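K.L.:
Quick one, what's the 3D model for this:
(one chain, ligands or ions: 1)
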Amino acid sequence: MSRAIYIIGNWKMNQSLNDIQTFFQNFNTEKQNYKCHTWIAPQAIHAQTVKELGKEYNILAGAQNCSNEKSGAFTGETSPYALKDMEINFTLIGHSERRQIFKESDKLLNEKTKKALDAGLTVVFCIGETLEERESNQTAKVLTEQLNNGLLDLTNNQMSKVIIAYEPVWAIGTGKTATPKMAQDTHKVVRDHLAEKGFNAEEISILYGGSVKPSNVEELLSQKDIDGALVGGASLQGQDFTALCNAGNTCQK
Ligand code: PGA
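P.N.:
As a prediction, this is how the structure comes out:
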């Protein structure tokens, strides 16, 4: 068994052009041959800049979101086909901020996932429970529902282009990380459920997200079912991102 390892930066609505240049100046240039996949999802308007500057460091640029439609009268939306045209090869789908702030439903996320896969993108499909749901022992139920609805009707072939990111909502941007054991236990629930659905679960990379930083990344990645990290705050500075990538580089699954 071998699963790909990913360190993915989610820059959200942060970083000016100047910040991006500083990021790459501070990214460690000595270690260019990362074994793990190092990806960054900047704001859509910065994707080309990150793509160009990232080439030297094997960093791929992606999107944080895309439309569920191919083209047409959808003002303000970005087609996954337009992303592919611009050689932007992956997108996040279903980040908790999209679910909560923009009220994106499971049905819409399923449509977006299918359209992005049709366009040839890799999808980083995000799931996670709120604090209230965890405290009322609803975590497994919430996550399996998000997986069932979001990945509805996908084939094993399509799933080979899907990465799952488990991000407990209460750990995002709060400084509260799930303990490595808590994260591992939940990743196991997710992997077992993917297997029950008939997917090649042992081959699907499942990333952890929520206040991952250089000081806790190694212990998280050392867990059997954690195949990388989706990182917000700690991905904004080149030095921190280098440390995260170094940890990913020594990780093998
Ligand atoms: P955080 O964000 O690392 O700042 O907690 C993670 C995310 O939202 O993907």
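
K.L.:
what sits against the residue in the chain positioned nearest to the ligand?
P.N.:
Going by CB to the nearest ligand atom, the ligand is nearest to Gly232 of the chain, at 2.4 Å. Placement of C-beta: from N, CA and C, glycine included. Each residue near Gly232 by CB atoms under 8 Å, 6 or more residues apart in numbering is listed here: Gly9, Asn10, Trp11, Lys12, Ile172, Gly173, Gly209.

K.L.:
The same query, at a cut-off of 7 Å, please.
P.N.:
Shown in contact with Gly232 (CB atoms under 7 Å, 6 or more residues apart in numbering): Asn10, Lys12, Ile172, Gly173.

K.L.:
before we move on, what about Ala165?
P.N.:
Here Ala165 is in contact with Val124, Phe125, Cys126, Leu207, Gly209, Leu230 (CB under 7 Å, 6+ apart).

K.L.:
name the helices or strands packed onto the host helix or strand of the fourth one?
P.N.:
To tie it back to what came earlier, the one meant is Leu207. Per DSSP states H and E, Leu207 falls inside strand 206-209. On a contact count with 3 or more CB pairs under 7 Å, 6 or more residues apart in numbering; DSSP states H and E, strand 206-209 meets strand 162-166, helix 180-196, strand 228-231.

K.L.:
buried ones in the helix or strand just after the shortest one?
P.N.:
Yep, that's strand 228-231 we're talking about. Going down the chain from strand 228-231, the next helix or strand is helix 238-249, by DSSP H and E. Within helix 238-249, the residues that count as buried by 16 or more other CB atoms under 10 Å are Gly238, Asp240, Phe241, Thr242, Ala243, Leu244, Cys245, Asn246, Ala247, Gly248, Asn249.

K.L.:
can you put those residues in CSV and add distance to His187 and pLDDT?
P.N.:
Formatted as CSV, the buried residues of helix 238-249 follow (distance: CB to CB, whole Å; pLDDT from 0 to 100):
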residue, distance to His187, pLDDT
Gly238, 28, 96
Asp240, 23, 96
Phe241, 23, 96
Thr242, 25, 94
Ala243, 22, 94
Leu244, 18, 95
Cys245, 21, 93
Asn246, 22, 91
Ala247, 17, 92
Gly248, 16, 92
Asn249, 20, 89
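
K.L.:
quick one: which of those residues is nearest to Ser136?
P.N.:
In terms of CB to CB, no member of these lies closer to Ser136 than Leu244, at 32.5 Å.

K.L.:
Val217 is in contact with that closest one, correct?
P.N.:
Yes. Under the criterion of CB atoms under 7 Å, Leu244 makes contact with Val217 at 5.4 Å.

K.L.:
what sits in contact with each of the two?
P.N.:
Ala229.
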